[in-house]
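K.L.:
What shape does this take:
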Amino acid sequence: MNRPQESMIGNSAALASALERVSLLAPINRPVLIVGERGTGKELAAERLHYLSPRWDAPLIKVNCAAMAESLLDSELFGHEPGAFTGATRVYQGRFERADGGTLLLDELGTMSLRLQEKLLRVIEYGEFERLGGQRSFRVDVRVVASTHADLRVMAEEGRFRHDLLDRLSFDVVHLPPLRSRPGDILELARHFAVQMCAELGRDIFPGFSNHAEAVLEGHPWPGNVRELKNTVERSIYRWNDPDNPVDAIVIDPFASPHEQEQLAPAAALETAEDKPPPQLPFDEHMRQVEKSLLQKALQKYGHNQRRTADALGLRYDQLRGLVRKHGLSVRKRRSS
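P.N.:
Below you'll find the predicted structure:
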């Protein structure tokens, strides 16, 4: 029996309320519906529900309903007999049979067809089903936990979800809060994911986040919730090539082209210069001074760390060093510890 590998991290009142509801529901042998936006931890909540229940030492079987076509999902849930369809040469035990005595998590239940919803309702109400292509009824003792990001009540009103199934599933509903509703948990989660990623990369320590990085993390709305935060932190850690100093660059959008950033940096400097009186200098000399000023400000902002400055300006490290020499800028050497 495998215990869950991750737990739900955070100290916010919104998360604590949801976890308390899970703990109260765990010992009650009824179906449970878990709702929340993508990336809020619905699967982790289902694991917590299972491992706190009297079924903790029985199987926890998971099915992503959105990942399978109707015919395949039918076979996966209820099994099939030989000859049920082309290629079915032997008996196949479905997820309900394998979950007997334990818990079955139906993730993204809102994508299930009305025909399969009817079969699911029968299992929940009577504990009975037939394999695909078979006539014999099987009895199982399975606790059904369903999760979705869809509004099943609206779907039921529109005729896309069975009212009677919704009634049976919603003995109680666990609402998982989006990350934007628990801003106090963002940095705790980010540090947790950063430590894990540093260990994966073979780095001895996580040097922390800079004040700038923490402001970026706390200021982003995180539409993808904890999953998006985890991906962002892991991406930022692996791209950070100065492991002795706090992580300063948070890479939220991996599709952002560094070549576009390279073009934007001089443009931003020019926009600032436009507000000033026209220089009494030749154009080339004026551009040289703009470039030098931009480099000086960037170096100062990033503590004269050339690698961090190069990353921020979208330059290669050797390009930055060449510009530093070109403009005769002094760079402070890092003090040895």
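K.L.:
In a helix, Ala150, correct?
P.N.:
No. Looking at Ala150 with DSSP: H, G, I helix; E, B strand; the rest coil, it is coil, so not inside a helix.
K.L.:
which residues touch Cys198?
P.N.:
Cys198 sits next to 204-206, 237, 243 when contact means Cβ atoms under 8 Å, 6 or more residues apart in numbering. For the C-beta atoms, the positions are set from N, CA and C on the backbone; glycine is no exception.
K.L.:
just His175 next, same as before
P.N.:
Counting by Cβ under 8 Å, 6+ apart, the residues that His175 touches are 18, 35-36.
K.L.:
now, which of the residues you listed lie within strands?
P.N.:
The strands, defined by DSSP state E, take in Val35 from those.
K.L.:
As JSON lines, the contacts of His175 with neighbour count, distance to Arg55 and pLDDT would be great.
P.N.:
Shown next, in JSON lines, are those (neighbours: other Cβ atoms under 10 Å; distance: Cβ to Cβ, whole Å; pLDDT from 0 to 100):
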{"residue": "Ala18", "neighbour count": "24", "distance to Arg55": "21", "pLDDT": "96"}
{"residue": "Val35", "neighbour count": "20", "distance to Arg55": "22", "pLDDT": "97"}
{"residue": "Gly36", "neighbour count": "19", "distance to Arg55": "23", "pLDDT": "96"}
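K.L.:
out of the contacts of His175, which one sits closest to Met112?
P.N.:
Val35 (15.2 Å; Cβ to Cβ).
K.L.:
Run through the bridge partners of that closest one.
P.N.:
Thr148, His175 (DSSP bridges).
K.L.:
May I see the buried residues of the longest helix seen in the chain?
P.N.:
Criterion DSSP state H: the longest helix present in the chain is helix 283-301. For helix 283-301, the neighbour count (16 or more other Cβ atoms under 10 Å) marks 287, 290-292, 294-295, 298-299 as buried.
K.L.:
hmm, back to that, quick one: which two of the contacts of Cys198 are the most distant?
P.N.:
Among the contacts of Cys198, the pair separated by the greatest distance (Cβ to Cβ) is Asp204 and Ile237, at 13.4 Å.
K.L.:
of the two, who's got more company?
P.N.:
Taking other Cβ atoms under 10 Å, Asp204 and Ile237 do not tie; Ile237 has more neighbours (24 against 8).
K.L.:
Who are the contact partners of the residue nearest to Asp248 when sequence neighbours are not counted?
P.N.:
Spatial nearest neighbour of Asp248, chain neighbours left out: Ser210 (4.2 Å); criterion: Cβ to Cβ, 6 or more residues apart in numbering. The neighbours of Ser210, taking Cβ under 8 Å, 6+ apart as the test, are 246-248.
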